[in-house]
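Asks: I'll drop the sequence and a predicted model, then ask my questions.
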Amino acid sequence: MSAHPRPDLLGHTANMTFAGELTFLRRTRTRDIAGADLVVTGIPFDMATTFRPGARLGPQAIRAASVQLAEIAGRAFPFDIDPFTHLAVADYGDCDIDTGYPQEAVERIEAHAREILDSGAKLLSLGGDHFVTYPLLRAHAQRHGPLSLIHFDAHVDTWEDDGKRLDHGSMFLRALREGLIVPERSVQIGIRSFSAEDHGFHVLDAPWIHAHGVQAALERVLGVVGDHPAYFTFDIDCLDPAFAPGTGTPVAGGLSSAQALAIVRGLQPVNIVGMDVVEVAPAYDHAEITAIAAATIAHDLICTEAVRVARAR
């Protein structure tokens, strides 16, 4: 594959930061994704929230917060590379979800993801509340088989589930029961809640991260996941509310942006086959701190993928 199999997907990083079309990192908005290596899409769904709604506005807020990162993409920090010399990346726009029929959300999101994955591209999704990860996992597991889960969150999201409930706190138990994820090869990072029972996930809670540090956390994650295909999901409430106030269920005592980014950047050896960043609810954060953190996490995921591709060539 040439460095630029799709020159039209190079984007428009020369736009003024305060003007122009809002796509993620100024990538080309298109549904013609043949030849794309990675596709970004928004999943504007928040009808499974249990406290403060508003994450349906997250995808657009994250796109808006990405403009400064797009401006310096030629030497992305701290990677010092242009990720788009190694990856053709497109912004697919958002999944069409009819709020009048929330019971159709799983089917719509799963079909949307499968359409993108069928192109051969990897998928980076911007939520939306965390329930959207469930249909995304279904689409990815159909393609890759049962997956390791790399799960950043304040909450374990394994509360009891009857298989019908729209709840952003129980979908990983449903995914586990459906065989979509392999708990012994999965890790939950930054947790500040408890589960009703032990489901076999490796848990690195926030106090453990604070006590042992980023390098120890990375060693644990890499050891647990190994070379198993993994799905990466980052609930922005993994961060302490000081770094991410704009979310539905903020919990004190979380990770700093610096800690989270250091772990994300260290995941280059992992075979990440799909990824999402969720639970940005911009109405609760007038300063856009939360969206900036989410955009940077998503940006760094793209950069780590670019580094993997570059090293493989």
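Replies: That came through fine. As the structure is a computational prediction, the values presented were derived from the model and not from experiment.

Asks: what about dumping the CA coordinates of stretch 283-300 to PDB?
Replies: These are the backbone C-alpha positions of stretch 283-300, laid out as PDB (Å, rounded to 0.1, in the frame of the first residue of the first chain):
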ATOM      1  CA  ALA A 283     -23.400  21.000  28.500                       C
ATOM      2  CA  TYR A 284     -21.800  20.500  31.900                       C
ATOM      3  CA  ASP A 285     -18.500  22.000  30.900                       C
ATOM      4  CA  HIS A 286     -18.500  25.500  29.500                       C
ATOM      5  CA  ALA A 287     -14.700  25.600  29.200                       C
ATOM      6  CA  GLU A 288     -14.600  22.500  26.900                       C
ATOM      7  CA  ILE A 289     -12.000  20.800  29.100                       C
ATOM      8  CA  THR A 290     -13.700  17.400  28.800                       C
ATOM      9  CA  ALA A 291     -14.000  17.500  25.000                       C
ATOM     10  CA  ILE A 292     -10.300  18.600  24.700                       C
ATOM     11  CA  ALA A 293      -9.300  15.600  26.800                       C
ATOM     12  CA  ALA A 294     -11.500  13.200  24.700                       C
ATOM     13  CA  ALA A 295     -10.200  14.600  21.400                       C
ATOM     14  CA  THR A 296      -6.600  14.200  22.600                       C
ATOM     15  CA  ILE A 297      -7.300  10.600  23.600                       C
ATOM     16  CA  ALA A 298      -8.800   9.800  20.200                       C
ATOM     17  CA  HIS A 299      -6.000  11.700  18.500                       C
ATOM     18  CA  ASP A 300      -3.400   9.600  20.400                       C
END
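
Asks: buried residues in it?
Replies: By neighbour count on 16 or more other C-beta atoms under 10 Å, the buried set for stretch 283-300 is 284-285, 288-300. All C-beta atoms are positioned from the backbone trio N, CA, C, and that covers glycine.

Asks: likewise stretch 271-287?
Replies: Quick answer for stretch 271-287 (16+ other C-beta under 10 Å): 272-282, 284-285.

Asks: ok, back up a step: out of the buried residues of stretch 283-300, the closest to residue 167 would be?
Replies: residue 284 (20.3 Å; C-beta to C-beta).

Asks: who's in contact with the closest one?
Replies: Listed by C-beta atoms under 8 Å, 6 or more residues apart in numbering, the contact partners of residue 284 are 52, 54, 245, 246, 247, 290.

Asks: Spatially nearest residue to the third one, not counting backbone neighbours?
Replies: What that stands for is residue 245. residue 285 (4.8 Å; C-beta to C-beta, 6 or more residues apart in numbering).

Asks: before we move on, what about the second one?
Replies: Counting by C-beta to C-beta, 6+ apart, residue 281 is the residue found nearest to residue 54 once chain neighbours are left out, at 3.6 Å.

Asks: ok, now the last one?
Replies: Nearest residue to residue 290 in three dimensions, chain neighbours excluded: residue 246, at 3.5 Å (C-beta to C-beta, 6+ apart).

Asks: Also the fifth one?
Replies: Distance criterion C-beta to C-beta, 6+ apart; nearest residue to residue 247, sequence neighbours excluded, is residue 237 at 4.6 Å.

Asks: quick one: secondary structure of that neighbour?
Replies: At residue 237 the chain is in helix, as set by DSSP: H, G, I helix; E, B strand; the rest coil.

Asks: Can I get the buried residues of stretch 271-287 in CSV including pLDDT?
Replies: What follows is the buried residues of stretch 271-287, written out as CSV (pLDDT from 0 to 100):
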residue, pLDDT
272, 98
273, 98
274, 98
275, 98
276, 98
277, 98
278, 98
279, 98
280, 98
281, 98
282, 98
284, 98
285, 97
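
Asks: Looking at these, which one is closest to residue 213?
Replies: residue 272 (22.4 Å).

Asks: I'd like to know how far that closest one sits from residue 175.
Replies: 17 Å (C-beta to C-beta, to the nearest Å).

Asks: now do residue 252
Replies: Residue 252 is 28 Å from residue 175, by C-beta to C-beta.
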